[in-house]
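> what would the 3D arrangement of this be:
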Amino acid sequence: MYGPTCVVDFALIPGSTSNVVNRILKTVDIPLAHKQAILAAKSWGMNTSYRIGEVFAQQVENGATLADAVKKEISMFQSIY
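Below is the predicted model:
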């Protein structure tokens, strides 16, 4: 993803991503831990407004080498998570 993003998730609104995923998971016969992992993976982006690749893009645009930009991006992920 490149450029501005907006992440909004209204779990109780019919048709929202969380609502749809929850409704589907109710019909799937898999362990609860697997359902929780699916929901966590779906909503990880809701925990932060950080855009994947943001630091990388800024570094490259400012003249950094690709290798250095990747290192900075990894550092940001380590800082956040």
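> beyond the helix or strand encompassing Asn22, next helix or strand please.
Element membership for Asn22 (DSSP states H and E) is helix 17-26. Counting by DSSP H and E, the next helix or strand C-terminal to helix 17-26 is helix 32-43.
> quick one: pLDDT of Arg23?
Arg23 carries a pLDDT value of 84.
> with Ile38 instead?
We note a pLDDT of 81 for Ile38 in this prediction.
> how close does it sit to Leu25?
Ile38 sits 7 Å away from Leu25, going by Cβ to Cβ, to the nearest Å. Glycine gets a C-beta too; all of them are placed from N, C-alpha and C.
> residues near Ala67, how many?
Burial of Ala67 is recorded as 8 neighbouring residues (other Cβ atoms under 10 Å).
> can you check Phe56 too?
Residues lying near Phe56 (other Cβ under 10 Å) number 20.
> for Ala41, same thing?
Look at Ala41: counted by other Cβ under 10 Å, it has 10 neighbours.
> relative to Leu25, how far out is it?
12 Å.
> same check on Ala67?
As defined by Cβ to Cβ, Ala67 lies at a distance of 41 Å from Leu25.
> now the helix holding Asn22 and helix 32-43, what's the angle there?
Here the directions of helix 17-26 and helix 32-43 differ by 160 degrees (axes from the mean of the first three to the mean of the last three Cα atoms, to 10 degrees).
> against which helices or strands is helix 17-26 packed?
Helix 17-26 is packed against helix 32-43, with contacts defined by 3 or more Cβ pairs under 8 Å, 6 or more residues apart in numbering; DSSP states H and E.
> contact partners of the next helix or strand after the helix it packs on?
Sequence-wise, the next helix or strand downstream of helix 32-43 (DSSP H and E) is helix 54-61. Residues outside helix 54-61 that contact it (Cβ atoms under 8 Å, 6 or more residues apart in numbering): 2, 66, 68-70, 72-73, 75-76.
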